[in-house]
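**Q** Pasting the sequence and the predicted coordinates here, then a few questions.
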Amino acid sequence: MSTGNINLDILLGQIETDRIAGTDTSIPAIMERYPSLSWKQAEEIYKMVSAACMVNPSIDASLVATVPPSFSVKAKSTKNTVESMVRGAKRNILITGYSLSGYFSDLLDVLIDKSQKGVYIKFFVNNIGAQQSLDKLCRYKGKFLHIYDFPSGKDSMAALHAKVISVDQEKTLITSANLSYHGQEGNIELGMLVKSTEIAKQVDDIFSHLIFTKVVKRV
């Protein structure tokens, strides 16, 4: 869960990355944030936070797929999963859009309605200038609806290609499917719906870092 402080969230994310990788590069970052600490004291804090992160309950994950109707598979429907997550969100939504179409317009209206009722939404978009279907959403940006753009840069092939929806820092969908008709119904797409506060936090940390380092720009 977020601490409410983006710099502290990034530091905690660094510590968690170190724990997983078996490194200690976050110790200097701890000392930079708390200059009065010695290396040994910062190392102790790193070890304590790492130990607390070791408590890792089993992760509840299920397959999510877009397949032809004739297929018989033990998987949740991408379309139904996306709609259920967006409509069921109570506190916050993190969502990305690499390629969107008018097919997603009904859920854009739901996002607008949610934001006006106090649900905090962060929408990360690839090259927003090319996403005309988001024009309406942009008109409602404000306190609870933040839109971030990954603009075209020197490398014209680089993109915000991740397709992620995370709600209430509890459920996260990571999928190959775009928010378009073919992504939700026409293509063959696979993803995983993960019920884990830890995974949701790790996803949020990544996008918080993109904001902090200005890789994405708020619209």
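**A** Structure's in. What do you need?
**Q** Contacts made by the worst-scoring helix or strand of the chain on mean pLDDT with the rest, please.
**A** When each helix and strand of the chain is scored by mean pLDDT, DSSP states H and E, helix 181 comes last, with a mean of 75. Defining contact as CB atoms under 8 Å, 6 or more residues apart in numbering, one finds that helix 181 is touched by S101, Y103. C-beta here means a position set from N, CA and C on the backbone, and glycine is covered the same way.
**Q** Next SSE downstream of it?
**A** strand 189-195 (DSSP states H and E).
**Q** buried ones in that next one?
**A** Residues of strand 189-195 classed as buried: E189, G191, M192, L193, V194 (neighbour count, 16 or more other CB atoms under 10 Å).
**Q** do stretch 128-138 as well
**A** I128, Q131, S133, L134, L137.
**Q** quick check, distance from the least confident helix or strand of the chain to the centre of its chain.
**A** From the chain centre to the centre of helix 181 is a distance of 21 Å (CA atoms, centre = their mean, to the nearest Å).
**Q** got it, and stretch 22-37?
**A** 26 Å.
**Q** got the end-to-end distance for it?
**A** One end of stretch 22-37 to the other measures 22 Å (CA to CA, to the nearest Å).
**Q** Stretch 115-126 too?
**A** 21 Å.
**Q** Ok, stretch 167-177 next?
**A** With CA to CA applied, stretch 167-177 spans 17 Å between its terminal residues.
**Q** Repeat that for stretch 50-62.
**A** Taking CA to CA, the first and last residues of stretch 50-62 lie 28 Å apart.
**Q** How about stretch 151-163?
**A** Stretch 151-163: ends 17 Å apart by CA to CA.
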